[in-house]
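Participant: Okay, here's the prediction I keep looking at, along with the sequence it came from:
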Protein chains: 2
Amino acid sequence: MITRMSSLFLRTLREDPADAEVPSHRLLVRAGYVRRVAPGGYSWLPLGLRVLRNIETVVREEMDAIGGQEIQFPALLPKEPYEATGRWTEYGASLFRLKDRKGADYLLGPTHEELFALTVKGEFSSYKDYPVVLYQIQTKYRDEARPRAGILRGREFVMKDSYSFDLDDAGLERSYQLHREAYIKIFDRLGLDYVVVAATSGAMGGSASEEFLAVAPTGEDTYVRSTESGYAANVEAVTTPAPPKQPVEGRSDAQVHHTPNTPTIETLVDFLNAAGLDRTFTAADTLKNVLVKTRAPGEKEWQLLAIGLPGDREVDLKRLEASVEPAEVSLLEEADFTANPFLIKGYIGPKALQDNGVRYLVDPRVVPGTAWVTGADKADHHMVDLLCGRDFTPDGTIEAAEVREGDPSPDGEGTLVAARGIEIGHIFQLGRKYTDAFEVDALGADSKPIRITMGSYGVGVSRLVAAIAEQSHDELGIVWPRAVAPADVHVVIAGKDEAVAEGAERISAELSERGVRVLLDDRKATPGVKFADAELIGVPTILVVGRGLAKGVVEVKDRASGDRTEIAVDEIVEHLVSLTGR
Amino acid sequence: MITRMSSLFLRTLREDPADAEVPSHRLLVRAGYVRRVAPGGYSWLPLGLRVLRNIETVVREEMDAIGGQEIQFPALLPKEPYEATGRWTEYGASLFRLKDRKGADYLLGPTHEELFALTVKGEFSSYKDYPVVLYQIQTKYRDEARPRAGILRGREFVMKDSYSFDLDDAGLERSYQLHREAYIKIFDRLGLDYVVVAATSGAMGGSASEEFLAVAPTGEDTYVRSTESGYAANVEAVTTPAPPKQPVEGRSDAQVHHTPNTPTIETLVDFLNAAGLDRTFTAADTLKNVLVKTRAPGEKEWQLLAIGLPGDREVDLKRLEASVEPAEVSLLEEADFTANPFLIKGYIGPKALQDNGVRYLVDPRVVPGTAWVTGADKADHHMVDLLCGRDFTPDGTIEAAEVREGDPSPDGEGTLVAARGIEIGHIFQLGRKYTDAFEVDALGADSKPIRITMGSYGVGVSRLVAAIAEQSHDELGIVWPRAVAPADVHVVIAGKDEAVAEGAERISAELSERGVRVLLDDRKATPGVKFADAELIGVPTILVVGRGLAKGVVEVKDRASGDRTEIAVDEIVEHLVSLTGR
């Protein structure tokens, strides 16, 4: 195939678009791959659509390889199935909702768990039908609060979503591992630098879950990784290693101290260190009790929740939310304090909480035998040497404290450092949330119903175009990996000589016959303009046909390294066929 | 490729779906190609998606062959461009409208004229850039009042829409003809029986336009064709041949007759024939004056419009609407008669209309020199021998009278007969409606701006799946043409013998290696069930591997003709490779 730039619907831009925040956005617009139509809505111009399709092909091949069967659902979906699972409301403002001419409620599908579950229920009935993996490569919609970075976070985007249906947990685990391996193959083939991180599951529900993040400083997702091991996780998924328990016997009794003017942990620590006690205190020795309220899905009433954590750490709201999901979290208002007069702001201690029936969860560092400075439930008073497991017994632990660089890695090897990435894939062991909602059962060999268990797996297909460009570019433009490039060879006619044009045309025709996809710059433009566009567009191999042709040579330039090689005209076709692997 | 029915996500149904009105709907559901998700919303199961993709490929190849460049727009579009052209309101209830989280208005794109015009304006500037043809194969949305017949008239569907951009009318004519030829190739390759009919342009605006209709008695579109020539047209597009003018000199003077109790044309004709005049009258000798009101786009006021047509014909509202487009038409209410007391119901004549400044358009059969019986603008009175061109002069002609079977064909050859079809393609010479709205100009060689002229061309890609099934089925199931079939050969393992299964597997593997797409029925089911499913699914060639295998033969059945041929096992692979053209 030869694509001629003289007639191609492509105009490269010399200027960066005003709204571009990240390199991929800047370069994809400048090189004429995408154009903005609306906030978070982009059109794909000819070369952009080719890159997108190339990625789709890789994804499709690997999904087919694990036995996935491709189907396709509408994007415009009726409200009812999403109401049955609660997602109609849970999605909040990020769901595009609309009414049809009869006033019936519809939504634009963000993901399709409900529909796949219902469809499998409709078609399959026997245990012999399972397992099955279904997928689609489809346009999805999310009304992002802040669409940004071009196609990196759009409101309309292409996703591969697949769903596995298994008879038991072991089957789900197999389906999950198959997807995990398929995703590794996909992202390897696309030449990406990525990490697989432990993840929480967001609005999907369910348990075991991992995210694939393309490493990129411009990425929206923060994750942590170990300095020593391969451990990597979303901040929400990091578990805090518990220190060893300590004995309770023979420890100092708890004492109440009058601590005037100590509204903050800093002033409290300073006060105690100046009080002439037998040791030095730090913020990490204090136990901060933070009050929030939570509400379970479908409930009307909010419940108080107290979180005890070392005073040198703040509550990370995202980690807290992930921990109490699917319940909502809200901060306390003044009215809540008024209604609960036992809550003495700045001096809340475990005793009043537990005496008044407030659920009390602590950071995993608060293990039996640890001694704490904490509130005495009385203004200007604190407890010292309040011993966990002796003076108070929490209702359990919770992951709600901030994670810091330098914290020990949960796997015991090395410490954590923070990094940023772009979410390109997500795999979930959903379990039975959706099959319970729709009663998706198979009839077992013993004629008893078996509740099906589900997995859900996504690849951000259109986002991958940006993620690849984000990782693979230089100051001149994009550098496409061969697997996704819009062409194999970019042939530049460098010179006005008729013989040069004829030579380039002949080579292009021969390459095309051999299955090499050629982008031929046959425009009436200066070599300088053509070279700049070739670098910007980013086809991996650039063939320059110019004055050397008279001496029987052409020049091959490697876009990534910039290396130039002179090749004899007689050998160029074989050289490029072999180089491009066509 | 081998697709195994033992694991395929496919369950055929023995019963017709309750809501199925037409054979394609019935069979596509029963054979497991599509499933209903919402009114006018269908999911594509694995085999259905394959048929859809095969059609897409044919369409894409022929669009590429005429130099079309594929791009892709979002389906979720901002209101503004559609407001600029008036289509935001013109589309009425058939447009899906929604708001985003910020309250901004959006629509789900029904067609994309606005966006393509704006995009070309954004990229191109010089006359040297033109012509260009852009297309997309994309999901479209229309909130049909009555979604019906499965995927034949859905609310979410796949369409190929393309748009041509030319510097002048001759260029547009060339682009139009290129599309016309491409469409003929597409529909020929898909094995369709279709007609190309002259059409009006509907809400798109513009002038020259043709529709491609797949001939089908269940089709929604009525068209007429000549018994003698190749003439075919939508009823809205039929032009009425005018009879020759007649001399005015020496003709009888018009007379007023007292015609009591003649409220209808029938009673009037009977009265006159009983009145002892010198001739016999028929309804065709009377001139019926029908009053409506019209309103131009953007206007507030309605204007009266009188239509004079032979008394033996009714006004066809669709033809009338097409004639006055883009103005709206409404029937008169009692208040309109009160406001215009010169309109004497049942006795309206040309004189009062023209004396009172009412625009008066007549059927093309009302030519100068024709004599008419018509109202005398006075209750119980009619005029006889009122001569067109002498006693009244209409303001022009209008195509508003019903078209009847037996009417002369507009091309002068034969008479018209009515038929029904499914609209599968539509080509328009839009002209400058959209380029005027967005001022899409090219800078000419003389540095003066040239307003670009546009064409718009659609193929109903998902509808084609149904149209083909509608034309190509029998009482047992679908009969796919080879170009779109979900597989090349349906291999049925007919027998429980291990050797039979092994033989079928071996043949399937060899076929697959040769590029033949095999659907292998390896299920544990009776041969009867398997044969019935093979007929229902409709792969063009069925290979039965059964008891004959022991004698070294297998059976090839042609799905369309039902012909069965025994072929030696040694020759079967070559036979099928050659038969399927792989």
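Facilitator: Perfect, I can see it now.
Participant: mind listing what the closest residue to residue A:78 other than its chain neighbours touches?
Facilitator: The shortest distance from residue A:78 to any non-neighbouring residue, by CB to CB, 6 or more residues apart in numbering or on different chains, is to residue B:38 (4.5 Å). (Each C-beta comes from the backbone N, C-alpha and C, glycine too.) If you count contacts by CB atoms under 8 Å, 6 or more residues apart in numbering or on different chains, residue B:38 has them with A:74, A:76, A:77, A:78, A:106, B:155.
Participant: Tabulate these (TSV), appending distance to residue A:436.
Facilitator: Converted to TSV, these look like this (distance: CB to CB, whole Å):
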residue	distance to residue A:436
A:74	24
A:76	26
A:77	20
A:78	20
A:106	25
B:155	30
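Participant: Filter those down to the ones in strands?
Facilitator: Among the contacts of residue B:38, the members found in strands (DSSP state E) are A:76, A:77, A:78, A:106.
Participant: Most neighbours among those residues, which one is it?
Facilitator: The member of the ones in strands among the contacts of residue B:38 that has the most neighbours, counting by other CB atoms under 10 Å in any protein chain shown, is residue A:76 with 26 neighbours.
Participant: Name whatever forms a beta bridge with that residue.
Facilitator: residue A:108 (DSSP bridges).
Participant: I'd say it and residue B:98 touch.
Facilitator: No: using CB atoms under 8 Å, residue A:76 makes no contact with residue B:98, being 10.3 Å away.
Participant: Overlap in contacts, those two.
Facilitator: A:108, B:108.
Participant: can you give me the helices for the stretch 51-200 of chain A?
Facilitator: A:79-84, A:87-90, A:113-123, A:169-189 (DSSP state H, counting those that start in this stretch).
Participant: now those helices as a markdown table including mean pLDDT and mean neighbour count?
Facilitator: Putting these into a markdown table (pLDDT from 0 to 100; neighbours: other CB atoms under 10 Å in any protein chain shown) gives the following:
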| stretch | mean pLDDT | mean neighbour count |
| --- | --- | --- |
| helix A:79-84 | 94 | 18 |
| helix A:87-90 | 90 | 16 |
| helix A:113-123 | 96 | 22 |
| helix A:169-189 | 96 | 18 |
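Participant: Please name the residues that touch the residue nearest the centre of chain A.
Facilitator: Ranked by distance to the mean C-alpha position of chain A (CA atoms, centre = their mean), the top residue is residue A:423 at 2.8 Å. Residues near residue A:423 by CB under 8 Å, 6+ apart: A:211, A:212, A:213, A:219, A:220, A:221, A:460, A:463.
Participant: Quick check: the third one is in a helix.
Facilitator: No: with DSSP: H, G, I helix; E, B strand; the rest coil as the criterion, residue A:213 is strand rather than part of a helix.
Participant: What residues are bridge-paired with it?
Facilitator: Here residue A:213, judged by DSSP bridges, has bridge partners residue A:195, residue A:423.
Participant: What is the neighbour count of it?
Facilitator: If we define neighbours as other CB under 10 Å, then residue A:213 has 29 of them.
Participant: related to what we said a few turns ago, ok, so of the contacts of residue A:423, who is nearest chain B?
Facilitator: Comparing the contacts of residue A:423 against chain B with CB to the nearest CB places residue A:463 closest, at 14.9 Å.
Participant: phi, psi of the closest one?
Facilitator: Main-chain torsions, residue A:463, degrees, to the nearest 10: phi -60, psi -30.
Participant: next one: residue A:544
Facilitator: The phi/psi pair for residue A:544 (degrees, to the nearest 10) is phi -100, psi 120.
Participant: Apart from its chain neighbours, what residue comes closest to it?
Facilitator: Spatial nearest neighbour of residue A:544, excluding adjacent residues (CB to CB, 6+ apart): residue A:555 at 4.3 Å.
Participant: Surely the one you found is in contact with residue A:543?
Facilitator: Yes: using CB under 8 Å, residue A:555 makes contact with residue A:543 at a distance of 7.3 Å.
Participant: Give me the distance between residue A:95 and chain B.
Facilitator: 9 Å (CB to the nearest CB, to the nearest Å).
Participant: And for that residue, the neighbour number?
Facilitator: Residue A:95: 20 neighbours (other CB under 10 Å).
Participant: same question, the one 10 residues further on
Facilitator: Using other CB under 10 Å, residue A:105 is surrounded by 15 other residues.
Participant: quick one, domains of chain A?
Facilitator: A:7-75+A:109-238+A:417-470, A:255-397, A:487-580 (automatic domain parsing).
Participant: of all the ones you listed, which gets the most neighbours per residue?
Facilitator: Among those, domain A:7-75+A:109-238+A:417-470 has the highest mean neighbour count (mean count of other CB atoms under 10 Å in any protein chain shown), at a mean of 20.
Participant: got the end-to-end distance for that one?
Facilitator: 28 Å (CA to CA, to the nearest Å).
Participant: what separates it from the chain centre, distance-wise?
Facilitator: 9 Å (CA atoms, centre = their mean, to the nearest Å).
Participant: One more: stretch A:510-522?
Facilitator: Worked out by CA atoms, centre = their mean, stretch A:510-522 lies 38 Å from the chain centre.
Participant: so who does the residue of chain A found nearest chain B touch?
Facilitator: Closest contact between chain A and chain B, by CB to the nearest CB, is at residue A:98 (3.7 Å). Contact analysis of residue A:98 by CB under 8 Å, 6+ apart lists A:105, A:106, A:107, A:108, B:96, B:97, B:98, B:108.
Participant: Quickly list what it is bridged to.
Facilitator: residue A:106.
Participant: For it, give its distance to residue A:255.
Facilitator: Remark: distance between residue A:98 and residue A:255 (CB to CB, to the nearest Å) = 64 Å.
Participant: now the helices for the stretch 201-350 of chain A?
Facilitator: A:265-274, A:317-324, A:334-339, A:350-355.
Participant: on contacts alone, who are the packing partners of the second one?
Facilitator: For helix A:317-324, the contact count by 3 or more CB pairs under 8 Å, 6 or more residues apart in numbering or on different chains; DSSP states H and E identifies strand A:328-331 as packing neighbours.
Participant: contacts for the strand it packs on?
Facilitator: Counting by CB under 8 Å, 6+ apart, A:292, A:293, A:294, A:295, A:297, A:302, A:305, A:317, A:320, A:321 sit against strand A:328-331.
Participant: at 10 Å what do you get?
Facilitator: For strand A:328-331, the surrounding residues in contact (CB atoms under 10 Å, 6 or more residues apart in numbering or on different chains) are A:90, A:290-297, A:299, A:302, A:305, A:315, A:317, A:320-321, A:323, A:336, A:400.
Participant: Return the residues of the stretch 101-250 of chain A in contact with chain B.
Facilitator: Applying CB under 10 Å from any CB of the partner chain, we find that the stretch 101-250 of chain A lies next to chain B at A:101-102, A:104, A:106-108, A:112, A:115-116, A:118-120, A:122-125, A:128-129, A:131-134, A:136, A:138-139, A:141, A:143-145, A:147, A:154-158, A:165.
Participant: Closest one of the contacts of residue B:38 to residue B:55?
Facilitator: Distance to residue B:55 across the contacts of residue B:38 (CB to CB) is lowest for residue A:74, with 18.0 Å.
Participant: hang on, that closest one packs against residue A:119?
Facilitator: No: contact criterion CB atoms under 10 Å: residue A:74 and residue A:119 do not qualify, at 11.8 Å.
Participant: Mind listing the shared neighbours of these two?
Facilitator: With CB under 10 Å, 6+ apart as the test, residue A:74 and residue A:119 both reach A:112, B:37, B:43.
Participant: Looking at the residues you listed, which are in strands?
Facilitator: Short answer: the shared contacts of residue A:74 and residue A:119 in strands (DSSP E) are B:37, B:43.
Participant: which of the shared contacts of residue A:74 and residue A:119 lies closest to residue A:13?
Facilitator: Closest approach to residue A:13 among those (CB to CB): residue A:112, at 36.7 Å.
Participant: what about residue A:482, which SS state?
Facilitator: coil.
Participant: Residue ranges in chain A under the pLDDT threshold?
Facilitator: Within chain A, the ranges that satisfy pLDDT under 70 run A:200-207.
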